[in-house]
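Trainee: Need coordinates for the below:
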Amino acid sequence: MKIVISNSSGEPIYLQIADQIKTQILEGKLSAGEALPSMRNLATELRISFMTTKRAYEELEQDGYIESFTGKGSFVKGQNPQMYREEQLRRIEMLLEEACGRARKAGVTIEELQEMVDVFYGGEGR
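Mentor: Take a look at the predicted model:
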């Protein structure tokens, strides 16, 4: 499991960790039942506080991505396909919101934007 921490990001480190683990789960890079590194090992590997990894894991557990068992560790929880779809839709909406904002600032018309979406989605009229 690869996690990259950015000190220049305005996002708290625990959220960076949680978001990267969520992404790896949603992309299938981490499978249901797969063990995550212990909080202590991850903290050591990333050279951060144990409390930071603990908070990241608590966030993931609260959001339903992992489950933790005392004395056994933390494991990827099986994902509900509907939950996966909702998460993907949320991410797409965020990206589209940013793209539309940039398009408006650049004077791109809705028609031009729709043409771009058609091309990126896979061709005209799809």
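Trainee: can you list the residues that contact stretch 33-52?
Mentor: 1, 3, 5, 13-14, 17, 21, 30, 53-54, 57, 66, 73-76, 78 (C-beta atoms under 8 Å, 6 or more residues apart in numbering). Bear in mind the C-beta positions are built from the backbone N, C-alpha and C, glycine included.
Trainee: run the last query once more with 10 Å
Mentor: Surrounding stretch 33-52, the residues in contact under the criterion C-beta atoms under 10 Å, 6 or more residues apart in numbering are 1, 3-5, 12-14, 16-17, 21, 24-25, 30, 53-58, 60, 65-68, 72-78.
Trainee: what's the span of that stretch, first residue to last?
Mentor: Start-to-end span of stretch 33-52 (C-alpha to C-alpha, to the nearest Å) is 23 Å.
Trainee: returning to what we had before: can you say which of the contacts of stretch 33-52 are buried?
Mentor: Buried members of those, counted by 16 or more other C-beta atoms under 10 Å: 3, 13-14, 16-17, 21, 24-25, 30, 53, 55-58, 60, 65-66, 73-77.
Trainee: Narrow the residues you listed to those in strands?
Mentor: Counting by DSSP state E, the buried ones among the contacts of stretch 33-52 place 66, 73, 74, 75, 76 in strands.
Trainee: that older thread, which ones among the contacts of stretch 33-52 map onto helices?
Mentor: Among the contacts of stretch 33-52, the members found in helices (DSSP state H) are 13-14, 16-17, 21, 24-25, 53-58, 60.
Trainee: which one of those is nearest residue 86?
Mentor: residue 25 (13.9 Å; C-beta to C-beta).
Trainee: Remind me which helix or strand residue 88 belongs to.
Mentor: helix 81-106 (DSSP states H and E).
Trainee: coming back round to it: export the ones in helices among the contacts of stretch 33-52 to JSON lines and tack on pLDDT and distance to residue 106?
Mentor: Shown next, in JSON lines, are these (pLDDT from 0 to 100; distance: C-beta to C-beta, whole Å):
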{"residue": "13", "pLDDT": "96", "distance to residue 106": "34"}
{"residue": "14", "pLDDT": "96", "distance to residue 106": "35"}
{"residue": "16", "pLDDT": "95", "distance to residue 106": "30"}
{"residue": "17", "pLDDT": "96", "distance to residue 106": "34"}
{"residue": "21", "pLDDT": "95", "distance to residue 106": "35"}
{"residue": "24", "pLDDT": "91", "distance to residue 106": "33"}
{"residue": "25", "pLDDT": "89", "distance to residue 106": "35"}
{"residue": "53", "pLDDT": "97", "distance to residue 106": "41"}
{"residue": "54", "pLDDT": "96", "distance to residue 106": "43"}
{"residue": "55", "pLDDT": "97", "distance to residue 106": "39"}
{"residue": "56", "pLDDT": "97", "distance to residue 106": "37"}
{"residue": "57", "pLDDT": "97", "distance to residue 106": "41"}
{"residue": "58", "pLDDT": "96", "distance to residue 106": "41"}
{"residue": "60", "pLDDT": "95", "distance to residue 106": "37"}
